[in-house]
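Novice: Have a look at this fold, sequence not included:
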C-alpha cells in the first residue's frame, strides 16, 4: 500500500511539474498570436499574396483613370515608387511615396491609392494577414493636343465641299429617304445647316427653319444617313466647312421636282435663296 501511495505521489508531482512547464508555453503561444494579428508581412513572407480582384492590369488602369498628371511643360514623365499596406479587409492604408520626380506626383499617387477599391488580402496558414505591397507607377506626359482645323463657311475656301454626283444627287438622296408628313396643304421650306468634316461626314446638323409636323426631326434623321461628301479644300488640305441647304416641301402634288438657279458663289450661304431646291411632294 505504501508503495502504491509513493508511486501515486510521484505521478502527481510529475503532473504538476508538467503543467507548470506547459502552461507558460501555452500563454506564450497565445501572446504570439495576438502580436501577429498586427504584424505586417512582406509579399515574400505569405502563403498567398494579396491581389486586386480583376488583376494588376486593371489596378493600373484604375490608377491611370484617376491620376491627374502634371500640366507643366517641363514634366517629361518618370516613375513614382509607392508602398502601402493591404489590410485584412482588403483596404489600403499607410500609403507612402518612396520616390517621385517632383511636380506633385508623389502626393497625387498617395491620393489616388487611398481611394482604391478593396483588394483580396494575403493569407498565412489560411488566415488573412496584413501585407506591405510595393508598386512602381510609370507616368508619361499627355500627348500633345491635336488642334482641329477651324470650321469655315463656303465663301472663305478655295474648293467647296461637294456631294458625289453633285447637289441634284444629294437632293435625290433626301427625297428617297424623307418621310413627308400626311398633312394636306403643307407647303414651305426647311433650311438646315451642317458641317462637312475633313473625312466627308456630316456633323453638327441644325435646323435653321422648320415647318412643324415633325419635319425638323425627319430632316435631321435623313442627313445623319448621308453618304460621305468630298470635303472642302484650303491650301491643298481638307478642312471642315459649314454648309446651308434648303428643302422645299409641297404636299399638294404627287411628284418630285428639282429646280435650279444660279447664285453668287461668294455668298456665305450660297444655297439659302433657291439655287438648288428639291421639292418634296406626295
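Specialist: Okay, I see it. If you're wondering where the values come from, they're calculated on a predicted model, not measured in any experiment. Numbers count the residues shown, from 1 in each chain.

Novice: Am I right that residue 206 is in a strand?
Specialist: Yes. Using DSSP: H, G, I helix; E, B strand; the rest coil, the assignment for residue 206 is a strand.

Novice: what about it, how many neighbours?
Specialist: 14 (other C-beta atoms under 10 Å). Using the backbone N, CA and C atoms, a C-beta is placed for each residue, glycine as well.

Novice: Mind pulling up the pLDDT for it?
Specialist: Listed pLDDT for residue 206 reads 92.

Novice: Name the residues of stretch 165-174 that are buried.
Specialist: Using 16 or more other C-beta atoms under 10 Å as the test for burial, stretch 165-174 gives 167, 170-174.

Novice: so what's residue 107 up against?
Specialist: Residues in contact with residue 107 (C-beta atoms under 8 Å, 6 or more residues apart in numbering) are residue 97.

Novice: Kindly provide the distance from the most centrally placed residue in the chain to residue 59.
Specialist: In the chain, the centroid-proximal residue (C-alpha atoms, centre = their mean) is residue 65; its distance is 8.0 Å. Separation of residue 65 from residue 59 (C-beta to C-beta, to the nearest Å): 11 Å.

Novice: What does the pLDDT read for residue 275?
Specialist: For residue 275, the model assigns a pLDDT of 33.

Novice: re earlier: filter the buried residues of stretch 165-174 down to just the ones in strands.
Specialist: If you go by DSSP state E, the buried residues of stretch 165-174 have nothing in strands.

Novice: Make TSV from those residues and add distance to residue 221 and pLDDT to it.
Specialist: Shown next, in TSV, are the buried residues of stretch 165-174 (distance: C-beta to C-beta, whole Å; pLDDT from 0 to 100):
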residue	distance to residue 221	pLDDT
167	20	89
170	16	91
171	16	89
172	17	90
173	13	92
174	11	90
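
Novice: closest to residue 198 among the residues you listed?
Specialist: residue 170 (18.7 Å; C-beta to C-beta).

Novice: can you give me phi and psi for the closest residue to that closest one other than its chain neighbours?
Specialist: Nearest residue to residue 170 in three dimensions, chain neighbours excluded: residue 163, at 3.9 Å (C-beta to C-beta, 6 or more residues apart in numbering). With angles defined as degrees, to the nearest 10, residue 163 sits at phi -90, psi 140.

Novice: From what I see, residue 163 and residue 169 are in contact.
Specialist: Yes. Assessed by C-beta atoms under 8 Å, residue 163 is found in contact with residue 169 at 5.9 Å.

Novice: State the distance from the residue nearest to the centre of the chain to residue 200.
Specialist: Noted for residue 65: a distance of 33 Å to residue 200, by C-beta to C-beta.

Novice: cool, and residue 236?
Specialist: According to C-beta to C-beta, residue 236 and residue 200 sit 17 Å apart.

Novice: more crowded one of the two?
Specialist: residue 200 (18 against 7).

Novice: Now for the more buried one: which residues touch it?
Specialist: 161, 228-231.

Novice: If we only consider the residues you listed, which is nearest to residue 183?
Specialist: residue 229 (30.7 Å).

Novice: So what does the closest one look like in phi/psi?
Specialist: phi -90, psi 170.

Novice: thought it was touching residue 196?
Specialist: Yes. With contacts counted by C-beta under 8 Å, residue 229 reaches residue 196, the gap being 4.8 Å.
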